[in-house]
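Novice: Below is the sequence, then the predicted model.
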Amino acid sequence: MSQETNVHSYSLLDPDKIINAIESLGYISDRRILALNSYENRVYQIGLEDETPIIAKFYRSGRWTNEMVEEEHQFLLELADADIPVVAPISLDNETLFEYEE
């Protein structure tokens, strides 16, 4: 995929895609979205029905390899296990990196 296509698909990340991505993992959103500060990625707090909101980080396509992201996630999980306050990734079926469309 070309860099131009990557930029274009990333710019199409809108509220509906954010909600659909979260709901594709089995969560039910209450459709509240709060954009959080992030220099390189898109990070949002998403409200869930009858649950605590979750944080979703959308990585820029083509910028990071899956291995790089998984290494970051493993490090965060290790910090959380050591009782260091971090926002650790959610693990579903031993996976922490999920893809939705592009």
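Specialist: That came through fine.
Novice: Can you list the strands that the helix or strand hosting residue 32 pairs with?
Specialist: Following DSSP states H and E, one finds residue 32 within strand 29-36. Here strand 29-36 is paired, per DSSP bridges, with strand 42-48 (antiparallel).
Novice: So for the strand it pairs with, what gets flagged as buried?
Specialist: Residues 43, 44, 46, 47 are the ones in strand 42-48 that count as buried (16 or more other CB atoms under 10 Å). No exception for glycine: its C-beta is placed from N, CA and C like everyone else's.
Novice: starting at the chain centroid, how far to the strand holding residue 32?
Specialist: Here the centre of strand 29-36 is set off from its chain's centre by 13 Å, with CA atoms, centre = their mean, to the nearest Å.
Novice: same deal with stretch 56-75?
Specialist: Put simply, stretch 56-75 sits 9 Å off its chain's centre (CA atoms, centre = their mean).
Novice: now do stretch 53-70
Specialist: Worked out by CA atoms, centre = their mean, stretch 53-70 lies 6 Å from the chain centre.
Novice: End to end on it, go ahead and measure it.
Specialist: For stretch 53-70, the first-to-last residue distance is 23 Å (CA to CA, to the nearest Å).
Novice: do stretch 37-57 as well
Specialist: 11 Å.
Novice: Give me the mean pLDDT for that stretch.
Specialist: For stretch 37-57, the mean per-residue pLDDT is 91.
Novice: Check what contacts that stretch and list those residues.
Specialist: 10, 13, 18-19, 21-22, 27-36, 58-60, 63, 87, 90 (CB atoms under 8 Å, 6 or more residues apart in numbering).
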